[in-house]
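Student: The sequence and its predicted three-dimensional model are supplied below.
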Amino acid sequence: MADVTTNPGSRYGSVVEGEFASATDAHKPALTEWLAALPGLDDEHFFWQAASAIHASALANSFRGNWDHEHCKGTAAYREAQDRHHASGHSKDCTGDTIYSRAHRQVWLEQGHDPEQYPPSPCDCGAEADR
């Protein structure tokens with residue numbers, strides 16, 4: 001069973017920490033395990049976890065109640081993607097696609113939206129040219 005005596009969201013900053021804190025106690029053990037596993041996922045598995053989190057968070061916006069466990073996953077996935085982007089050599093202000101933005105685009109397309117409304121965003125910091 002996951003340890004819920006500490007806030008595992010603190011790894012990803014105050015927003016994730018707040019979403020974790022306000023999630024229902026019943027969701028915290030599974031959320032704790034999900035957050036703990038996130039940094040260890042390879043990029044392929046992380047992509048699909050991020051897409052799932054993005055989709056679930058978007059769906060939760062349509063329902064009443066406390067869905068902060070779903071929003072927490074989406075926010076943590078965003079932060080993890082940013083961390084991976086920077087760790088791979090991109091500058092802090094690079095607006096190129098991250099795993100999160102590619103996962104968001106995947107969800108966008110799966111929901112039948114126009115691909116031209118969410119085009120890929122190329123690296124603008126030069127890190128891609130260095131590879």
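Tutor: That came in fine, so what should we check first?

Student: Got the confidence number for the spatially most central residue of the chain?
Tutor: The residue lying closest to the centre of the chain (CA atoms, centre = their mean) is A77, at 1.6 Å. The per-residue pLDDT reported for A77 equals 98.

Student: Which residue is the nearest non-sequential neighbour of it?
Tutor: Spatial nearest neighbour of A77, chain neighbours left out: A50 (3.9 Å); criterion: CB to CB, 6 or more residues apart in numbering. Using the backbone N, CA and C atoms, a C-beta is placed for each residue, glycine as well.

Student: And for the one you found, the neighbour number?
Tutor: A count of nearby residues for A50, using other CB atoms under 10 Å, gives 28.

Student: close enough to count as contact, it and Y100?
Tutor: Yes - counting by CB atoms under 8 Å, A50 does reach Y100; the two are 5.3 Å apart.

Student: joint contacts of these two?
Tutor: Residues touching both A50 and Y100 by CB atoms under 8 Å, 6 or more residues apart in numbering: 77-78, 80-81.
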